[in-house]
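# Predicted model and sequence follow; I will ask about them next.
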Amino acid sequence: MSINVAFSTNRLLIFPDDQILTVSELSSAIKGTVEKNYSSVKLRGEVSGVKRHSSGHTYLSLKDDDSTINTICWRGTKIDFPLEDGMEIIVRGRVTVYPARSQYQFIIEEASMAGEGALLKLLNDRKKRFAEMGYFDKTNPIPKFPEIIGIVTSRTGAVLQDMKNRLEDRYPFCRVIVWSVNVQGAAAAKQIANAVSGFNFMIEKRPDVLIVARGGGSIEDLWPFNEEIVIRAVFDSKIPVVSAIGHETDTTLIDYAADLRAPTPTAAIEFITPVLADLRLQIAEDRGKLEFSIARILREMRSRLVGATKCLRSSHFVILFIRQRFDDKVGRFLVSGSSYFQKESMRLRTKKLISLNSYLILKRQKYEEAKRQLDKQMENFMKQSMKNMVVLCNRLEQSSFKKILEKGFCFVTDKHGKTVKTKAEFEISMVEGVTIHFQDGGATVKIVS
């Protein structure tokens, strides 16, 4: 008996020469060998042919200049960015075999962008897409004197303490509500979006303005602030949002979606709060101007009052004379007005009765005329309807199959009354008998011998 030997990386697959394997047994053996030797592999390649299934799985290909491998990213695999065609990535996973097609494929377990250039390309593509979707068109006015400020940042970082110190120096009586989130990592984007939405759902003690802040970092560290879930939450926010991400040279997509961009977190505090000392100085200046204006108005009013008092004393006799003339005219008006009102009252009563009678006669004439026209139209309508009905009845009678039978035609039905339409149906139905329908009745026919 001879032996067939198949070489593998770490072991030999030995099959007796007289052993006959099934296709499934061979596929299972290859699958076990591949999965054992390539259980953890890192690949670098270009994404191609991305297809997202309704189940949540993503199917794609990884390729380089010479080769291509089918790749699967199962639903639930944690990836910080969406897989898109043309993207160069580095993945870690395992190689497996799909026995139904004898096809090997790569299963992604982790993935990252291959270099900063790829991230910048993805960032520019997202910026263009979000601009077309209108995410960068929102502008809510920033309040000049906020009473409550909401801050979305990490509670453990130095950024929050720097912002609080700056606020204490400038505007100490303003209240701050901090929503602590992760500002880096896979879960950061969802936590930031939930924080912005959560502030908007608050009913009591709702902030007048929101600040989304974090310190500086690499483009990978700041990537959560480029995710669509964060941009959409900022766009949907009814509360004005200030973006304070990284240093002055750092730019993320949330800067375009926010109502105001601050170069640093402490600068965000300076942008939305006044300086207390400046406020006190401005209030003192406004108070001085107000007191001066009130004093000037009082002086003018006092001068006018003195002049009016002098005129009032000299005009006492003029008022008495005017009052006497007024009483005289009122008396004459009452005497002549009584007679005039009686005449006008009688004239209006007569005119009103005549007008009402004429109005009723006119309306009655219009009613009679409308009634005659309606009766005439109804009569014409009934005549036309009867003509149409006669025409339709004639058409219906001409379309009856009985008219066709009168011309010498006939039709055939089987024993169940179903119309026989073809020669083949006629030959089959003749065994049990058929009925031939003429103008004056039907005749049953069947094969006897």
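Thanks, I have it. Numbering: from 1, shown residues only.
# rest of the way, CA atoms for contacts and neighbours
Will do.
# Render the CA-only coordinates of stretch 29-47 in CSV, please.
Below are the C-alpha coordinates for stretch 29-47, written out as CSV (Å, rounded to 0.1, in the frame of the first residue of the first chain):
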residue,chain,number,x,y,z
ALA,A,29,-9.1,19.1,6.3
ILE,A,30,-7.9,22.2,4.3
LYS,A,31,-10.0,24.5,6.5
GLY,A,32,-8.5,23.1,9.7
THR,A,33,-5.0,23.5,8.4
VAL,A,34,-5.5,27.1,7.2
GLU,A,35,-7.3,28.2,10.3
LYS,A,36,-4.6,26.7,12.6
ASN,A,37,-1.7,28.2,10.9
TYR,A,38,-3.2,31.6,10.0
SER,A,39,-5.3,32.3,13.1
SER,A,40,-3.7,35.8,13.7
VAL,A,41,-2.4,37.7,10.6
LYS,A,42,-1.9,41.4,9.9
LEU,A,43,-2.6,42.6,6.3
ARG,A,44,-2.1,45.9,4.5
GLY,A,45,-4.1,46.6,1.4
GLU,A,46,-6.5,48.7,-0.5
VAL,A,47,-10.3,48.4,0.1
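# Can you give the contact residues for it?
Contact partners of stretch 29-47, identified using C-alpha atoms under 8 Å, 6 or more residues apart in numbering, comprise 8-10, 60-64, 83-99, 114.
# what comes up buried for that stretch?
Buried residues in stretch 29-47, defined by neighbour count with 16 or more other C-alpha atoms under 10 Å: 30-31, 33-34, 44-47.
# would you list those in TSV and tack on pLDDT and secondary structure?
As requested, the buried residues of stretch 29-47 are exported to TSV (pLDDT from 0 to 100; DSSP: H, G, I helix; E, B strand; the rest coil):
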residue	pLDDT	secondary structure
I30	83	helix
K31	83	helix
T33	84	helix
V34	83	helix
R44	86	strand
G45	87	strand
E46	84	strand
V47	85	strand
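# Throw those residues into JSON lines and include distance to Q103, thanks.
Written out in JSON lines, the entries for the buried residues of stretch 29-47 read as follows (distance: C-alpha to C-alpha, whole Å):
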{"residue": "I30", "distance to Q103": "10"}
{"residue": "K31", "distance to Q103": "10"}
{"residue": "T33", "distance to Q103": "14"}
{"residue": "V34", "distance to Q103": "11"}
{"residue": "R44", "distance to Q103": "20"}
{"residue": "G45", "distance to Q103": "19"}
{"residue": "E46", "distance to Q103": "20"}
{"residue": "V47", "distance to Q103": "19"}
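# from the contacts of stretch 29-47, which would you call buried?
Going by neighbour count (16+ other C-alpha under 10 Å), these have 60-63, 83, 87-97, 99, 114 buried.
# if you look at these, which of them are in strands?
60-63, 88-97 (DSSP state E).
# Secondary structure element for R325, which one?
R325 is part of helix 316-398, with elements assigned from DSSP states H and E.
# Mind checking the pLDDT average for the helix or strand just after that helix?
Along the chain past helix 316-398, the next helix or strand (assigned with DSSP H and E) turns out to be helix 401-406. Regarding helix 401-406, the rounded mean pLDDT is 72.
# Return the distance of helix 401-406 from the chain's centre.
The chain centre lies 65 Å from the centre of helix 401-406; the measure is C-alpha atoms, centre = their mean, to the nearest Å.
# With stretch 245-260 instead?
24 Å.
# mind listing what's buried in it?
Of the residues in stretch 245-260, those with enough neighbours to count as buried (16+ other C-alpha under 10 Å) are 245-246, 250-260.
# now do stretch 223-239
Counting neighbours by 16+ other C-alpha under 10 Å, one finds that the buried residues in stretch 223-239 are 223-235, 237-239.
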